[in-house]
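Asker: I'd like to go over a predicted model; first the sequence, then the structure.
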Amino acid sequence: MSEGARTPAQIEADIARRRDGLAATLDELAVRVHPSTMVRDTKAKAVSALDRSVGQAYVAANRAVGKVRAQFVTEDGKPRLERIVPAAGAVVLLGVVAGFSVRRRRR
């Protein structure tokens with residue numbers, strides 16, 4: 001026999017090895033395309049996207065609250081009365097206007 005020639009036993013072993021590899025690949029593909037696997041994967045992706053969106057919304061809201069808080073409180077935590085008093089006055093005025101508006105509609 002020449003160096004490149006293989007024995008029938010080697011060829012059979014190679015075929016068996018390839019057959020086992022193909023069987024494993026087919027089993028993996030069957031699991032991947034199974035409906036329950038596809039539903040689970042889709043659900044996991046949706047939950048992940050929702051978690052990411054909620055996280056981004058939380059960060060944005062936290063940033064906005066921080067900016068508003070900075071308008072009414074100094075860095076050391078003391079209230080800025082020069083900004084709080086006019087804002088509170090505006091809120092009270094809006095409440096009074098809304099009250100009159102509601103009262104006017106009831107008549």
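Answerer: Looks like it arrived, so ask away. What you see is a predicted model; the values in this text were computed from it and never measured. Numbers count the residues shown, from 1 in each chain.
Asker: Every contact and neighbour count from this point should use C-alpha atoms.
Answerer: Will do.
Asker: So which helix or strand of this protein has the lowest pLDDT on average?
Answerer: The helix or strand with the lowest mean pLDDT-type score in the chain, counting by mean pLDDT, DSSP states H and E, is helix 81-106 (a mean of 90).
Asker: residues of it that come out buried?
Answerer: For helix 81-106, a neighbour-count test (16 or more other Cα atoms under 10 Å) marks nothing as buried.
Asker: can you give me the helices in this structure?
Answerer: Assigned by DSSP state H, the chain shows helices spanning 8-33, 35-72, 81-106.
Asker: Please spell out which residues along the second one are buried.
Answerer: With burial defined by 16+ other Cα under 10 Å, the residues of helix 35-72 counted as buried are F72.
Asker: what residue ranges in this structure are flagged as low confidence?
Answerer: Low-confidence segments of the chain, defined by pLDDT under 70: 1-3, 107.
Asker: which residue is nearest the middle of it?
Answerer: For the chain, R52 is the residue whose C-alpha lies nearest the centre (Cα atoms, centre = their mean; 1.9 Å).
Asker: Please report the distance of it from R63.
Answerer: Note on R52: its distance to R63, by Cα to Cα, to the nearest Å, is 17 Å.
Asker: cool, and A24?
Answerer: Applying Cα to Cα, the value for A24 to R63 is 51 Å.
Asker: now do T42
Answerer: For T42, the distance to R63 (Cα to Cα) stands at 32 Å.
Asker: for A5, same thing?
Answerer: Distance from A5 to R63, by Cα to Cα: 73 Å.
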